[in-house]
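Chemist: need coordinates for the following:
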Amino acid sequence: MQEKDCLFCRIVRGEIPSCKVYEDEYVYAFLDIAPSFPGHCLVVPKNHCRNILDMDPKEAEHIFGAVQKIAPAVVKAAGAEGFNLIQNNEEAAGQTVFHAHFHIIPRKKGDGMGLWTPGAYASAEEMQETAAKIGSEMR
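Modeler: Alright, predicted model coming up:
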């Protein structure tokens, strides 16, 4: 099921042009129009879902299968040495289009892109407390 006004649903339907790199029954992948590096592409489920938590598990299997096909091709075509697979959920995490999607970003050593902020825990005890909270939320 697709949503009428969703940007990525419109791309999947061909209403908005894209540079397609892959398509199958469940998945559509295309180059990002605001890439971090050349070759940066987006892999989206054809069915609309807001984020990864809203995704049907069967569709998630197809998405990851497609990523395993697409990522090595992106790395090779971009002359990269590796890649990041990034998936943002909700605005606070950087999601700007509310249709689940995965970024495949080709990377080279020293390319200047950073991802992590070190020092999130003040102590090992705080880290253990956080792990315990997460565990209790899953019970």
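Chemist: the chain: helices as residue ranges?
Modeler: Along the chain, counting by DSSP state H, helices occupy 7-12, 57-78, 124-137.
Chemist: looking at those, which is buried most?
Modeler: Mean neighbour count (mean count of other Cβ atoms under 10 Å) peaks for helix 7-12 among the helices of the chain, with a mean of 19. C-beta: built from backbone N, CA, C; applies to glycine.
Chemist: dump that one to PDB, restricted to CA.
Modeler: Output of helix 7-12 as PDB, limited to C-alpha atoms (Å, rounded to 0.1, in the frame of the first residue of the first chain):
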ATOM      1  CA  LEU A   7       7.600  11.600  -1.700                       C
ATOM      2  CA  PHE A   8       9.200   8.100  -1.900                       C
ATOM      3  CA  CYS A   9       5.800   6.500  -2.800                       C
ATOM      4  CA  ARG A  10       5.600   9.000  -5.700                       C
ATOM      5  CA  ILE A  11       9.200   8.100  -6.800                       C
ATOM      6  CA  VAL A  12       8.300   4.400  -6.700                       C
END
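Chemist: adding distance to residue 44 and mean pLDDT, write the helices of the chain out as JSON lines.
Modeler: Below are these laid out as JSON lines (distance: least, Cβ to Cβ, whole Å; pLDDT from 0 to 100):
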{"stretch": "helix 7-12", "distance to residue 44": "5", "mean pLDDT": "97"}
{"stretch": "helix 57-78", "distance to residue 44": "8", "mean pLDDT": "96"}
{"stretch": "helix 124-137", "distance to residue 44": "28", "mean pLDDT": "88"}
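Chemist: and residue 84, what does it touch?
Modeler: By Cβ atoms under 8 Å, 6 or more residues apart in numbering, residue 84 lies in contact with 103, 104, 105, 107, 113, 115.
Chemist: what about it, distance to residue 33?
Modeler: Going from residue 84 to residue 33 by Cβ to Cβ, to the nearest Å gives 18 Å.
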